[in-house]
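[1] This is a predicted model, with the sequence first.
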Amino acid sequence: DRLALHVGCGSSTMGEVLISELNFRFVLNIDKDRETLEGMKERWAKVESKYPQKKMKFRCVDWVEEEDCTLKKKFNVILDKSTLDCTLCSDRSTAGLIKLVHDHLSVGGYYIIISFHDVQLLLPMLQNCPGTKWK
């Protein structure tokens, strides 16, 4: 199964691209802004019938507040478009996001980070985050 998690999705159409262009069967878009997610749901409802075998869901999650965030799935791909960048102001939220990704990435899965920061900054954070053991 091709399952994707889009963290900090905002109003991005990337979830739709994962389904329509990259043939993912299921995409879960999470963000902490409920109002933005409602707009995303409305937009998806207009095109959902084109993809009868595919499913997209939206969930309001703030991993800073929900230390025990359980999404009940493991994902082949977790997509992060500058969400990690946004968390760098707070050690707690950065570690929370990294732990969320670690706990929900399937074995052999990919964490795709699109960032303004250099890999020399990001890689040590990923490798040394408490509660994670990357393989």
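    Yes, it's here.

[2] Mind jotting down where the strands sit in this protein?
    3-7, 26-31, 55-60, 75-81, 105-114 (DSSP state E).

[3] TSV for the ones you listed, including distance to residue 89 and mean neighbour count?
    For the C-beta atoms, the positions are set from N, CA and C on the backbone; glycine is no exception. Shown next, in TSV, are the strands of the chain (distance: least, C-beta to C-beta, whole Å; neighbours: other C-beta atoms under 10 Å):
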stretch	distance to residue 89	mean neighbour count
strand 3-7	17	24
strand 26-31	17	23
strand 55-60	21	16
strand 75-81	16	21
strand 105-114	17	14
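
[4] Just send those back as TSV, with mean pLDDT too.
    Formatted as TSV, the strands of the chain follow (pLDDT from 0 to 100):
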stretch	mean pLDDT
strand 3-7	95
strand 26-31	95
strand 55-60	95
strand 75-81	95
strand 105-114	95
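
[5] Which one, of those strands, ends up nearest to residue 99?
    Nearest to residue 99, of all the strands of the chain, is strand 105-114, at 11.0 Å by C-beta to C-beta.

[6] As TSV, the strands of the chain with distance to residue 123 would be great.
    Shown next, in TSV, are the strands of the chain (distance: least, C-beta to C-beta, whole Å):
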stretch	distance to residue 123
strand 3-7	18
strand 26-31	24
strand 55-60	28
strand 75-81	14
strand 105-114	10
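
[7] Any idea which of these gets closest to residue 93?
    Proximity to residue 93 (C-beta to C-beta) singles out strand 3-7 among the strands of the chain, at 11.7 Å.
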